[in-house]
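> Model the structure of this input:
(one chain, ligands or ions: 2)
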Amino acid sequence: MSEDGAGFDDELIEAARKRFAGPVEFLKSAPALEYLPPAEMPEVAFAGRSNVGKSSLLNALVGRKALARTSVTPGRTQELNFFDVGAPAVFRLVDMPGYGFAKAPKDIVKKWRFLVNDYLRGRQALKRTLVLIDSRHGIKEVDREVLAMLDKAAVSYRLVLTKADKVKATDLAEVLARTREEARKRPAAHPQILTTASETGMGIAELRAAVIESIG
Ligand SMILES: Nc1nc2c(ncn2[C@@H]2O[C@H](COP(=O)(O)OP(=O)(O)OP(=O)(O)O)[C@@H](O)[C@H]2O)c(=O)[nH]1
Ligand SMILES: [Mg+2]
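Ligands and ions are numbered 1, 2, ... in the order given. Below you'll find the model as predicted:
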């Protein structure tokens, strides 16, 4: 099961496949808000706890192994990384630092949090935020804080389960049901949850379609 509820039609799936099979290029890294690129086209951001699989999922979407840098150690992504999709670019993907990384120095964590929160709350060009949730853990308290912030700022987001290859089908069904239940209660959340595994390609075609749909 790679998606939940209403499916995407074949035309959208195919258009999304083509778009992501085309040119995708790293644009720039922004260590602070003053380095953001001009907000000249739609953006879709990847948010979530440290190590949840944001950079891996971005790579899976674009079918490239190492466009965004990944790591077994939490705290790999430390800046907002912008990727142009299409040539000329038609929209951007934004890989973000993770939150809830307890081992990083406090001032660094604070800097990331401000960067991520300020970007998410204030970016006109941001069309949709993908909030990634580890299938093994479900929504945690630290996720709820971010979701509450997004709800309050009326920033439209979609919950995406990651690393589905790491859990048994019955556990996956359970975490999906719980996540769906919680999404229903959250005003800015898309009701449909996508289940993905960057390792296996599960749910990737649907996620591509969801991204294309959101920049519509
Ligand atoms: N089994 C499995 N492992 C995954 C999957 N996605 C990511 N991983 C692994 O999880 C680890 C973290 O992945 P990243 O993509 O770097 O995670 P991130 O959310 O970008 O992490 P930060 O940038 O540190 O916040 C890496 O070792 C990945 O190989 C998946 O779908 N399945
Ligand atoms: Mg990362």
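
> so what pLDDT did residue 105 get?
pLDDT, residue 105: 81.

> List phi and psi for it.
Torsion angles at residue 105 (phi, psi; degrees, to the nearest 10) stand at phi -60, psi 140.

> Kindly tell me how buried it is, as a neighbour count.
Neighbourhood size, residue 105 [other Cβ atoms under 10 Å]: 8. C-betas here are computed from N, CA, C, even on glycine.

> how close does residue 117 get to residue 12?
31 Å (Cβ to Cβ, to the nearest Å).

> typo on my end, it should be residue 129
Computed with Cβ to Cβ, the distance linking residue 129 and residue 12 is 20 Å.

> between these two, which one's more packed in?
Taking other Cβ under 10 Å, residue 129 and residue 12 do not tie; residue 129 has more neighbours (27 against 17).

> which residues pair with that one across the strands?
Note on residue 129: beta-bridge partners by DSSP bridges are residue 45, residue 157.

> From what I see, it and residue 160 are in contact.
No - using Cβ atoms under 8 Å, residue 129 makes no contact with residue 160, being 10.2 Å away.

> Excluding chain neighbours, give the residue nearest to the residue of the chain found nearest ligand 1 in space.
When scored by Cβ to the nearest ligand atom, the chain has residue 98 as its residue closest to ligand 1, at 2.6 Å. The shortest distance from residue 98 to any non-neighbouring residue, by Cβ to Cβ, 6 or more residues apart in numbering, is to residue 50 (3.1 Å).

> and if you look at residue 39?
residue 125 is the one closest to residue 39 (Cβ to Cβ, 6+ apart), at 3.7 Å.

> Can you report how many residues neighbour the one you found?
Neighbours of residue 125 (other Cβ under 10 Å): 17.

> Verify the stated contact: it with residue 37.
No - using Cβ under 8 Å as the test, residue 125 is too far from residue 37 to be in contact (9.1 Å).
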